[in-house]
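*Asks:* missing the sequence, but the structure's below:
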């Protein structure tokens with residue numbers, strides 16, 4: 001599990017096409033030396049498995065499903081990606097619950113400074129959201145964009161707007177994106193579960209005293 005608080009950015013060094021998959025090589029100074037083979041790592045919001053680690057470099061394989069559903073299909077050598085390691089049990093949840101299971105990609109419409117002083121201002125980011133996850137977008141709710149935990153400030157039913165503070169703009173890959181760029185979107189899992197229970201109330205789990213006793217609580 002992740003929280004959407006990006007630790008650092010990495011750089012794609014190479015992409016190798018393999019039968020049924022692709023392998024990426026990522027340069028991640030200060031982070032790759034903390035990885036062990038088989039560890040999970042979120043790459044621009046996509047949970048991947050670290051392989052063949054030779055700090056400051058690690059590799060990861062992208063399955064066909066990952067390529068089809070995420071913005072990683074647009075990777076090129078030199079592309080900046082957001083990196084986050086899983087959140088240890090008991091650690092503070094500074095963002096929101098992010099699984100690294102990207103739902104789909106949206107299209108960045110604009111990213112503009114909110115005042116003339118671009119170095120000290122917040123930035124306004126607008127994303128066109130595919131119909132498949134629009135029911136899970138809630139004003140003042142959470143969304144992971146390229147793995148970054150952000151709060152939806154405006155939602156008109158088709159596009160969302162978020163305010164990005166200067167630190168997030170500078171410390172993530174957002175400042176490298178252009179209008180039209182695909183961005184990974186992961187809806188808040190709690191909103192998805194709530195929506196599912198509203199659609200299928202008969203399947204909703206009820207916590208009872210008998211259940212707690214039977215399970216040793």
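*Replies:* Everything's here; your move. Since this is a predicted model, take the numbers as computed values, not measurements.
*Asks:* Skipping adjacent residues, who's closest to the residue nearest the centre of the chain in space?
*Replies:* Most central in the chain under CA atoms, centre = their mean is residue 147, positioned 2.1 Å from the mean C-alpha point. Spatial nearest neighbour of residue 147, excluding adjacent residues (CB to CB, 6 or more residues apart in numbering): residue 45 at 3.0 Å. To be clear about C-beta, it is placed using only N, CA and C from the backbone, and glycine gets the same treatment.
*Asks:* Make sure the one you found is actually in contact with residue 98.
*Replies:* Yes - using CB atoms under 8 Å, residue 45 is in contact with residue 98, at 7.2 Å.
*Asks:* joint contacts of those two?
*Replies:* Residues touching both residue 45 and residue 98 (CB atoms under 8 Å, 6 or more residues apart in numbering): 4, 144, 147, 186.
*Asks:* can you list these in a markdown table and add distance to residue 175?
*Replies:* Listed next are the shared contacts of residue 45 and residue 98 as a markdown table, based on distance: CB to CB, whole Å:
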| residue | distance to residue 175 |
| --- | --- |
| 4 | 17 |
| 144 | 18 |
| 147 | 15 |
| 186 | 21 |
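*Asks:* Among those, which ones are in strands?
*Replies:* When DSSP state E is applied, the shared contacts of residue 45 and residue 98 are split such that 144, 186 fall in strands.
*Asks:* which one's the longest helix in this structure?
*Replies:* Secondary structure of the chain per DSSP state H: the longest helix is helix 189-199.
*Asks:* Output the contacting helices and strands for it.
*Replies:* Packing partners of helix 189-199 (3 or more CB pairs under 8 Å, 6 or more residues apart in numbering; DSSP states H and E): none among the helices and strands.
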